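>>> test case, fold it:
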Amino acid sequence: MDLAWAKNCTVAVADAKGEIQGTGFFISRSGLLLTSARVVEATGGWQQVRVQGQAVRPAYLGDSKRDDFVILQQPGYQGPAVPLGLTSEPGSGLLTLRYPLPNAVLTVSAELTLQKLGPHPDFSGLPMLHLLSETQQGWQGYRGAPVLDVQHRSAIGLMSAPEEKGPILAVPLSTVLEKFPTLPSLVPVPPLGPTPQSALPSAPQTKIFISYRSRDPDRNLAQQFHDALEAAGHEAFMAGQDIGLGEQWSPRIDAELQDCDYFLLLLSPQSAESEMVIEEVRRARELRDSRPDRRPVILPVRVDFPWSVPLSYDIGGYLNRIQQREWRSADDTSTILREVLKLITEGGQNVAPPAESEPTDEKQPSADQSLPTPSPTASPSSLPAAEVELELPGGQVNLKSAFYIERIPNEARCYETVLRPGALIRIKAPRQMGKTSLMARILNRSQANGCVAVLLSPQRADETVFTNLDKFLRWFCASVSRRLQLANRLEDYWDDKIFSSIDNCAAYFEEYLLARTERPLALGLDEVDSIFQYPEIAPSFLGMLRAWHEEAKSREIWQKLRLVVVHSTEIYNIPMNINQSPFFNIGLSVELSEFSPEQVHDLARRHGLGWSTAQVEQLMAMVGGHPHLVRVALYHLVHQNLSLTEFLAMAPTESGPYGDHLRQHLWNLQGYPELATAFRTVLAGTSSVRLDPELAFGLHSTGLVHLQGNEVTPRCDLYRQYFRERLRDD
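All right, here's what the predicted structure looks like:
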């Protein structure tokens with residue numbers, strides 16, 4: 001009897017020690033393997049499974065008391081697969097193959113007879129194949145083996161619970177389909193009878209961009225999703241796997257984002273702080289918002305990232321009002337994959353909301369909630385480093401953090417200014433210099449001194465808000481009302497027939513919000529640069545804020561408003577002429593500077609490092625006094641127990657702790673060829689370089705260089721080493 005079509009696909013399932021625990025069989029040429037859950041449990045779990053000496057990944061994990069089948073993926077497999085079919089008629093002759101224990105030689109059994117297909121109480125009432133055999137034999141090694149319909153040359157199930165006497169139970173393919181309904185989109189299932197409703201048709205090919213942090217466990221999970229999506233006939237993109245050696249990855253990522261239909265975001269606590277992941281999300285959101293078909297659809301999956309943990313401030317705004325799923329363990333992989341495949345098949349727009357309530361994505365405190373008060377020892381010179389819990393750097397520094405460094409006299413000036421009637425404070429700097437952390441402390445200080453503090457970010461607004469100025473100002477007024485816990489009374493103060501939107505917004509504040517608020521209102525506007533890309537909104541909005549500040553000089557009602565405005569200086573996000581707005585010439589301007597050597601030394605001490613002046617100088621030669629880069633360095637030195645020499649060697653590499661930060665800058669530079677060329681000129685020099693004023697200002701605004709007059713130098717050796725190689729003339 002010719003069984004080569006089945007023998008070539010049937011393999012032994014062993015544990016990590018190489019001891020065979022049962023049988024399995026490949027059901028797809030991409031390496032999907034079907035076996036018994038009891039076999040996997042016998043190995044000690046899927047992580048211990050070895051097939052042909054290789055480790056596997058899970059695609060579906062059942063258990064012995066529920067459905068007794070598991071679908072695994074063997075990476076790199078490109079061999080034969082046994083065809084699948086639905087259940088044969090009772091009485092039909094069937095065969096099975098096995099690796100009998102402890103013998104490792106594939107063996108063909110005697111003929112089996114299908115008695116019936118019916119539910120069984122030991123398997124949650126799911127239908128099972130009831131088989132009979134005329135021969136009495138040891139059944140060890142049969143678990144997970146294929147049940148073969150020789151006439152139709154297909155496997156219709158897998159052996160589950162063979163017994164010495166009585167019916168032999170096997171899991172039919174119909175049960176596999178019921179529990180794993182996306183199987184037909186992964187593997188062709190030619191029916192032997194009517195196709196069950198659960199057998200979904202194959203989905204048309206779509207393109208999925210998988211965004212992930214290029215370190216495990218994120219990378220491993222991304223690979224599992226990639227392989228499963230590819231096995232389903234879709235085109236999945238993973239930067240780490242699909243960008244070839246020597247290929248320019250920035251243009252490739254841009255092209256893949258432009259072309260993708262779905263943006264699958266694997267969001268762990270670490271990737272939520274990854275600059276590359278944040279930039280990919282930002283660009284995916286921009287593409288989605290600018291297209292009529294709303295593509296790519298963004299599908300966020302929180303990986304070991306509970307709902308109780310808020311998203312980082314940087315990424316939270318881009319995912320505003322986008323439903324998310326939570327991945328807790330390997331058991332969730334197949335569930336989420338099925339949902340994603342179903343969504344793609346049906347052309348849906350987003351993952352369904354989770355069963356449990358999601359927390360709001362706004363981190364803003366409401367008016368009656370006090371901002372957390374910093375510890376009296378917030379400048380922790382008296383705190384022993386051993387008593388301070390190490391913090392992962394990224395995003396806003398917690399108000400009670402022992403790692404916040406004051407940049408004298410910035411804090412003192414801001415704390416004093418925000419208490420003045422009609423105050424306006426403008427905080428500007430490139431990304432990750434501490435703007436949001438400083439604003440949070442200013443608002444906290446204002447609240448401790450009798451103000452009511454409200455924090456608002458335009459980045460959190462839905463994209464429809466930016467359609468026109470009127471919609472934006474309505475959102476602005478309604479958002480402040482909500483945070484003050486006042487009713488929305490826009491209709492009472494909005495008269496479109498007579499007054500402009502600017503007039504209506506001013507009336508709403510003057511006659512309602514400020515009039516109803518007994519205490520002064522400290523209004524923090526974070527990430528104001530997010531509106532600079534809307535020329536029909538930004539100039540008018542900034543002009544309105546300036547007018548309110550001027551009103552406070554003569555009208556008491558406007559003296560109750562204290563404004564704290566934060567924006568990035570990066571040329572990537574700001575049109576060159578935006579700084580020509582009169583708004584940028586009023587109020588207290590605070591441009592955040594780098595840490596001094598003394599501050600870096602203090603921060604190192606807070607991390608428990610007893611550094612010398614020479615060690616501080618070594619670190620600053622590499623990363624300067626950039627607050628985020630310094631904190632990343634100190635965190636990795638302590639967390640990974642690295643020597644300073646080891647850290648400095650890996651710092652400018654792709655796989656180093658700054659890989660995401662550097663790639664994000666490179667990606668942006670490649671979108672501005674004039675800046676990239678100018679920066680190449682700076683990197684080639686041995687001393688400062690004189691540039692065209694506009695280019696010099698543009699590079700300075702990115703944070704990549706120091707600027708004195710028109711003389712430009714790289715900010716630090718980290719940028720010099722990394723970009724000199726990647727921006728060189730070919």
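
>>> and the gap between the residue nearest to the spatial centre of the chain and Pro393?
Centroid-nearest residue in the chain: Leu267, 2.9 Å away (criterion: CA atoms, centre = their mean). Leu267 sits 18 Å away from Pro393, going by CB to CB, to the nearest Å. From N, CA and C alone the C-beta is placed, and that goes for glycine too.

>>> swap in Val564?
23 Å.

>>> same drill for those two, tell me which one is more crowded.
Using other CB atoms under 10 Å, the more surrounded residue of Val564 and Pro393 is Val564, with 28 against 20.

>>> now Lys718: phi and psi?
You called it Lys, but residue 718 is Leu. With angles defined as degrees, to the nearest 10, Leu718 sits at phi -60, psi -50.

>>> hmm, Pro652 and it touching each other?
Yes. Counting by CB atoms under 8 Å, Pro652 is a contact partner of Leu718 at 5.5 Å.

>>> for stretch 505-522, buried residues please.
505-510, 512-514, 517, 520-522 (16 or more other CB atoms under 10 Å).

>>> ok, residues contacting that stretch?
Residues from elsewhere that reach stretch 505-522 (CB atoms under 8 Å, 6 or more residues apart in numbering): 367, 418, 421, 442-443, 446-447, 450-454, 473, 476-477, 480-481, 484, 486, 489-490, 492-494, 499, 544, 547-548, 557-562, 564.

>>> mind redoing it with 7 Å?
Applying CB atoms under 7 Å, 6 or more residues apart in numbering, the contact partners of stretch 505-522 are 418, 443, 446-447, 450-454, 473, 476-477, 480-481, 484, 486, 489-490, 493, 544, 557, 560-562, 564.

>>> model confidence over that stretch, on average?
Across stretch 505-522, pLDDT averages out at 95.

>>> mind checking how far it is from the chain centre?
Its chain's C-alpha centre lies 38 Å from the corresponding centre of stretch 505-522 when counted by CA atoms, centre = their mean, to the nearest Å.

>>> ok, stretch 655-669 next?
Worked out by CA atoms, centre = their mean, stretch 655-669 lies 16 Å from the chain centre.

>>> buried ones in that stretch?
656-669.

>>> just those residues: which are in helices?
Assigned to helices by DSSP state H, the following of these qualify: Gly659, Asp660, His661, Leu662, Arg663, Gln664, His665, Leu666, Trp667, Asn668, Leu669.

>>> pipe those residues into CSV and attach distance to Leu221 per row.
Converted to CSV, those look like this (distance: CB to CB, whole Å):
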residue, distance to Leu221
Gly659, 19
Asp660, 18
His661, 23
Leu662, 24
Arg663, 21
Gln664, 22
His665, 27
Leu666, 26
Trp667, 23
Asn668, 27
Leu669, 30
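
>>> between these, which is nearest Arg302?
The shortest approach to Arg302 among these belongs to Asp660, at 18.9 Å (CB to CB).

>>> next structured bit after the one helix or strand Ala515 maps to?
Using DSSP states H and E, Ala515 sits in helix 514-516. Using DSSP H and E, the helix or strand that follows helix 514-516 towards the C-terminus is strand 521-525.

>>> next one: that following strand to chain centre, how far?
30 Å.

>>> residue ranges with poor pLDDT in the stretch 451-600 of the chain?
571-581 (pLDDT under 70).

>>> which residues in it form strands?
In the stretch 451-600 of the chain, the strands defined using DSSP state E, counting those that start in this stretch lie at 452-456, 521-525, 561-568, 588-591.

>>> would you turn those strands into TSV with distance to Glu725?
Below are the strands of the stretch 451-600 of the chain laid out as TSV (distance: least, CB to CB, whole Å):
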stretch	distance to Glu725
strand 452-456	41
strand 521-525	39
strand 561-568	27
strand 588-591	31
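
>>> to Val150, which of the ones you listed lies closest?
strand 561-568 (68.5 Å).

>>> need the pLDDT of the closest residue to Ala684 other than its chain neighbours.
Among residues not flanking Ala684 along the chain, Arg724 sits closest, at 7.7 Å (CB to CB, 6 or more residues apart in numbering). As predicted, Arg724 sits at a pLDDT of 89.

>>> my guess is Arg724 is in a helix, correct?
Yes. Arg724: assigned to a helix according to DSSP: H, G, I helix; E, B strand; the rest coil.

>>> look up how far Thr653 lies from it.
Distance from Arg724 to Thr653, by CB to CB: 14 Å.

>>> give me the more crowded residue out of these two.
Using other CB under 10 Å as the criterion, Arg724 and Thr653 rank with Arg724 on top: 16 against 13.

>>> that one and Leu683 touch, don't they?
Yes. With contact defined as CB atoms under 7 Å, Arg724 and Leu683 form a contacting pair (4.6 Å).

>>> give me the pLDDT for Ser185.
61.

>>> neighbours of Arg460, how many?
23.

>>> thinking again about what came up before, what residues are up against the residue nearest to the centre of the chain?
Pro300, Val301, Arg302, Val303, Phe305.

>>> from those, pick the one nearest Ser540.
Using CB to CB, those come closest to Ser540 at Pro300, 33.1 Å.

>>> doesn't the closest one belong to a strand?
Yes. Applying three-state DSSP, one finds Pro300 inside a strand.

>>> close enough to count as contact, it and Leu319?
Yes. At 5.7 Å, Pro300 and Leu319 qualify as touching, with contact defined as CB under 7 Å.

>>> the more surrounded of those two?
Higher neighbour count among Pro300 and Leu319: Pro300, with 24 against 19, using other CB under 10 Å.

>>> ranges for the helices of the stretch 251-400 of the chain?
Under the criterion DSSP state H, counting those that start in this stretch, the stretch 251-400 of the chain contains helices at 275-290, 313-316, 331-346.

>>> how about TSV for the ones you listed, with mean neighbour count, mean pLDDT and distance to Trp249 added?
Formatted as TSV, these follow (neighbours: other CB atoms under 10 Å; pLDDT from 0 to 100; distance: least, CB to CB, whole Å):
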stretch	mean neighbour count	mean pLDDT	distance to Trp249
helix 275-290	19	84	10
helix 313-316	21	70	21
helix 331-346	18	82	25
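
>>> out of those, the one nearest Cys260 is which?
Between the helices of the stretch 251-400 of the chain, helix 275-290 lies closest to Cys260; by CB to CB that is 8.0 Å.

>>> tilt between the closest one and helix 659-669?
40 degrees (axes from the mean of the first three to the mean of the last three CA atoms, to 10 degrees).

>>> tell me what Ala155 is bridged to.
Leu84, Leu148 (DSSP bridges).
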